[in-house]
Structures are given as C-alpha cells and as structure tokens.
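Enquirer: here are the coordinates; sequence isn't available:
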C-alpha cells in the first residue's frame, strides 16, 4: 500500500474511478435525482475505503446489506422510493425491498474482493506515476485511463471471471425472490393503506428466463470484445446462448 495514500485520498480515487461495465441491458438504479445518487455513491466509496484500509478485512469491499442501507438512508428522506401508479406512504420495509431489487439490476459491483480492489487502486497509482500525473488528474483527464488501469491491475482470465461473476449475480434465482419480496410487501402495505380491493402491479426492466440467458450471452460478448481490445489475442469466441449447468 502506498504510505502517502490516506483515507480522504482513497475515497476521492474510488469516487472518480469509473471501471468498465457492459452496457447491454443494465439500467442505472438511481435513487431520486442525480445529486441524491451521487450522495449514495459517496457513502459507498467511504465504506469501501474504510474496508480497504482495514488490514483485517477479508470480505467483499461492498455487500448487499450495506449498500441497501445506504440507499435507504439517502432515498427515504427525499421520497425516492415510489412505484409509478401506486400511491402509498413508503415505509422502510418497502424502501428496503425496492433497494434490494434496484441494486441487483444496477451496475454497482458487489463482487469485488479486498485483494481485487487493492490491485485496482495500485494500478491507478502506478498508471498515474507512469504519466507523471496526480491520480485525480489522471482519472479525469487521461483519455485512456481505464485501459491502462485494467492492463496494470488485472489479466484476461481475472477480468473474464470477475465479469462473469457480476452477471451471474443477476441470475433469475437471485433476482426473482427479491422481486417477489417487493411485491408481497407492496401488496400488504397497499391493502393496509388503501383497502383490500386495491391491486398491485410492478414491472422490473430486467429479463428473466430465456431473456436472461440471451442477455448473459450479450454481456459475455462485450467482455470478450473488451479483452480483445485491451489484451489482443486473448479473447474467446462468441459465447453461446445455451444454458449452463452450474
């Protein structure tokens, strides 16, 4: 670890860093407006920095319960958790259930380990020194910053495995129970607040079933295209849409 890298500098780096993420089919799970969402990201960066600087921490630098708690803390006071067409008072259980679904389909990475995160931070520092720039300047002004960071902090095999874990974390077996939990909570709250005849319908803009496997294939195709660009000669062929037995 760079001895000159303190907590505040680390938070700034984590906030400015914008790692590559596949673009196909993933919506931003923003809580309210852009300013509120930036507040959420700041809170999450602080959590990651604290865990990175804790030498005893061996788990993921960001986990679902912690991220959900931060989303709810920021979103509830500004009335962010509303279901279009459903007028009810949003209770904390409703907000938690909505945040669980939003987080699952978002691009926020919950799969990064402590070691992976430190390798990436070291890659940022090394690339910054290579171009004789401060990390903040490098991250915001160098046009190929993310390419250099990836080359210096990962490998084709590590990158491929990491991205596959991210999309597998959105598997229907993971997402559907969270959607069902949201539906159950909304139905109970609507019945309590509006009346027993009120109906609840929710739509989640993320595919399930065969649609998920098609999206997964598209995602992995983007991963291989990125590998071919960063590490020429290391990309696999186009992935199949056939289901795999895990």
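Expert: Arrived safely, thanks for sending. This structure is a prediction, so every number in the text was calculated from the model and none was measured. Numbers count the residues shown, from 1 in each chain.
Enquirer: Apart from its chain neighbours, what residue comes closest to the residue positioned nearest the centre of the chain?
Expert: Among the residues of the chain, the one closest to the centroid is residue 108, at 1.0 Å (C-alpha atoms, centre = their mean). If you skip the residues right next to it in sequence, residue 108 has residue 67 as its closest partner in space, 6.4 Å away by C-beta to C-beta, 6 or more residues apart in numbering. For glycine as for every other residue, the C-beta is placed from the backbone atoms N, C-alpha and C.
Enquirer: residues near the one you found, how many?
Expert: A count of neighbours around residue 67, defined by other C-beta atoms under 10 Å, yields 22.
Enquirer: what comes into contact with the host helix or strand of it?
Expert: Of the helices and strands defined by DSSP states H and E, residue 67 is found in helix 64-75. Residues outside helix 64-75 that contact it (C-beta atoms under 8 Å, 6 or more residues apart in numbering): 31-32, 36, 39-40, 43-44, 47, 80-81, 92, 95-96, 99-100, 102-103, 108, 110.
Enquirer: re earlier: now do the SS call for the residue nearest to the centre of the chain.
Expert: Assigned with DSSP: H, G, I helix; E, B strand; the rest coil, residue 108 falls in the coil class.
Enquirer: Give me the mean pLDDT for the host helix or strand of residue 48.
Expert: Using DSSP H and E, the element containing residue 48 is helix 34-53. Per-residue pLDDT values across helix 34-53 average out to 90.
Enquirer: Now that helix: buried residues?
Expert: By neighbour count with 16 or more other C-beta atoms under 10 Å, helix 34-53 contains the buried residues 36-37, 39-41, 43-49, 51-52.
Enquirer: Thanks a lot, catch you later.
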